[in-house]
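Enquirer: with the sequence up front, the predicted model follows.
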Amino acid sequence: MVAVTLALTAAVAAPSSAPEPALTRLLQHGPWPPAPARDPSNAVSGTPAAIALGQRLFFDPRLSANGAVACATCHVPARGWSDGRARAVGLAEGDRNTPTVLDVALHRWFSWDGRADSLWSQSLKPIVDPREMGASGAHVATLLRRDHALACLHEQAFGAAPPADPDRALVHTGKAIAAFLETVRSGRTPFDDFRDALARGDAAAAARYPAAARRGARLFVQSDCAVCHVGPAFTNGEFHDVGVPYALPGGGVDPGRARGITQVRADRFNLLGSWSDDASRASAVKTRHVEASHASFGQFRTPSLRNLALTAPYMHDGRYATLREAVRHYSELDMERIHTHGEQLLRPLKLSAAEVDDLVAFLESVTDRSAARMPASPPDVPGCPG
Amino acid sequence: MRRVRTAALLAAGAALVAAAGVAPAAAAPACEAPGFTPRSRVESAGVVVVYRTAPAAIEVGRHFQVEALVCAAGGAATLTGVDADMPAHRHGMNYRATVATKAPGRYVAEGLLFHMPGRWRLLFDVEHAGRRARLASDVVVD
């Protein structure tokens, strides 16, 4: 930390024409985008027929019990693949903000509390959640078998007709939706152009980055935000208590990660179970070794900072309508509220109004505004209706 | 995720974190095994741990293994646990590593993950001659 402090001091004191050591620390946040990777626990990951099937299912409200709620009801492409609400509303209102599914394939754990250890097991959960889509494996099996187009795509994707077994139908649906979600990726941003210009020493290109965003980037580094918002996706994929109250409006509390660990261990669809296609079970190392502690209570997953400008409101309960409010949260952290358990990580940033503006400018620059759009129609699968 | 720098600590940065009645310092034994090339060494009070990680370069947010050889002056020593913490932040990992014995004195710990950049300590719990000791080895990931 001493070395870091010295480096930052040098950066602030350096003449404008000199290299900026603080900004070179931004290089860790790229390059972007990362190369797509297949999920070893999902045999249909990356396959065109599964992607096509998953895309259809994602937008199909017939997956829900009342035929009116689709995955896309909450994950609206035009709203950054979120819904713009503080709390999600499916068949009933939930307790948490809808997280975007942009770049979701990069996550280690899924949902705000990490209750799922794979994208496919997360994808099937809303279908059977009474407050989201309220359906069942049997309902899904019936839909897949009765709809000719879905049945055809299923056969192409999985090499067999849709199963009658409810669990298998549910898992296949989750794996197909996951295959589609792996394609929901955000592209390059003004920040990525700046970062790459720094990497190749192109001062002229770097100078095109707006001054406010540049000041905000320096603040981001100086404030050690990257301790948790690390790497190209600006997240360490783990869980933290950042002082957001966890009392629920209707009473009770949201235990966050503490319950998520319990749920993922008990989940019959987790990566340790028989539904994973990873015969080596190497992808289940996190599930085998994850550990709960007193600190897990009230922790929520560190969200990516990419595309924040598309995904208001913010925090796990959607309490902040604007990015400015979210930044102010870190400026005025309530240290009495945070259960630190002796941890020394967070401190109030005590930002001026101008500094808040600069940090917001930086965060907005890490947004690919073209990501808020409907995906192209999937390519036709030979032998199946278009 | 970023590649990181792992501090090479051969004979440097080693520390005994806590010991419960550790025997008086004795000459540190050589600690070698055929086909095992460690990258780091930590020793205290006659107990030596040499280890390497897989992958060799620890990355933030990626699980890794520790393969360790444990030796002690005047008798066998047993590795009973491997853990890690970040002293500056006063927290540990979100995962509990498991230790398996590959051969007498030779172990593999699985399930470790550093979820932040910075200075971590790998902590080796060793039993020797009925006593317990914790040896720490600094690792920097950035």
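Expert: Perfect, thanks for sending it.
Enquirer: wait, what's in contact with residue 92?
Expert: Reading this off chain A. Applying Cβ atoms under 8 Å, 6 or more residues apart in numbering or on different chains to residue A:92 gives the contacts A:130, A:131. Bear in mind the C-beta positions are built from the backbone N, C-alpha and C, glycine included.
Enquirer: wrong chain, I was asking about chain B
Expert: Counted by Cβ under 8 Å, 6+ apart, residue B:92 has contacts B:83, B:84, B:85, B:86.
Enquirer: my guess is the second one contacts residue B:91. True?
Expert: In other words, residue B:84. No: at 10.2 Å, residue B:84 does not count as touching residue B:91 under the criterion of Cβ atoms under 8 Å.
Enquirer: helix/strand/coil for the residue of the stretch 51-200 of chain A found nearest chain B?
Expert: Nearest residue of the stretch 51-200 of chain A to chain B: residue A:108, at 7.1 Å (Cβ to the nearest Cβ). Here residue A:108 takes the coil state, with states given by DSSP: H, G, I helix; E, B strand; the rest coil.
Enquirer: distance of it relative to residue A:304?
Expert: Applying Cβ to Cβ, to the nearest Å, the value for residue A:108 to residue A:304 is 12 Å.
Enquirer: looking at these two, which has the bigger crowd around it?
Expert: Neighbour totals were compared for residue A:108 and residue A:304, and residue A:304 leads with 24 against 18 (other Cβ atoms under 10 Å in any protein chain shown).
Enquirer: beta partners of residue B:131?
Expert: Taking DSSP bridges, one obtains residue B:128 as the residues bridged to residue B:131.
Enquirer: if I look at it, how far off is chain A?
Expert: Applying Cβ to the nearest Cβ, to the nearest Å, the value for residue B:131 to chain A is 27 Å.
Enquirer: in terms of secondary structure, what does the helix or strand where residue B:79 lies contact?
Expert: In this structure, residue B:79 sits in strand B:77-86 according to DSSP states H and E. Helices and strands touching strand B:77-86, by 3 or more Cβ pairs under 8 Å, 6 or more residues apart in numbering or on different chains; DSSP states H and E, are strand B:64-72, strand B:91-92, strand B:98-103, strand B:106-112, strand B:118-128.
Enquirer: now residue 121, nearest residue through space, not along the chain?
Expert: Unless you meant another one, I'm taking chain A. In this structure, residue A:121 finds its nearest non-sequential neighbour in residue A:269, 4.2 Å apart by Cβ to Cβ, 6 or more residues apart in numbering or on different chains.
Enquirer: that's the wrong chain, I meant chain B
Expert: Nearest to residue B:121 is residue B:136, by Cβ to Cβ, 6+ apart, at 4.5 Å.
Enquirer: buried set for the one helix or strand the one you found maps to?
Expert: Following DSSP H and E, the helix or strand that holds residue B:136 is strand B:131-141. Within strand B:131-141, the residues that count as buried by 16 or more other Cβ atoms under 10 Å in any protein chain shown are B:132, B:133, B:134, B:135, B:136, B:137, B:138, B:139, B:141.
Enquirer: ok, whichever residue of chain B sits closest to chain A - contacts?
Expert: Residue nearest to chain A within chain B: residue B:111 (3.0 Å; Cβ to the nearest Cβ). Going by Cβ under 8 Å, 6+ apart, residue B:111 touches A:285, A:288, A:289, B:63, B:95, B:96, B:97, B:98.
Enquirer: in ChimeraX, how would I select the buried members of these?
Expert: Here is the ChimeraX command that selects the buried residues among the contacts of residue B:111 (16+ other Cβ under 10 Å):
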select /A:285,288,289 /B:63,95,96,97
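Enquirer: rebuild the contacts of residue B:111 as JSON lines, extending it with distance to residue A:361 and pLDDT.
Expert: Converted to JSON lines, the contacts of residue B:111 look like this (distance: Cβ to Cβ, whole Å; pLDDT from 0 to 100):
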{"residue": "A:285", "distance to residue A:361": "39", "pLDDT": "98"}
{"residue": "A:288", "distance to residue A:361": "43", "pLDDT": "98"}
{"residue": "A:289", "distance to residue A:361": "40", "pLDDT": "98"}
{"residue": "B:63", "distance to residue A:361": "36", "pLDDT": "97"}
{"residue": "B:95", "distance to residue A:361": "37", "pLDDT": "98"}
{"residue": "B:96", "distance to residue A:361": "41", "pLDDT": "98"}
{"residue": "B:97", "distance to residue A:361": "42", "pLDDT": "98"}
{"residue": "B:98", "distance to residue A:361": "46", "pLDDT": "98"}
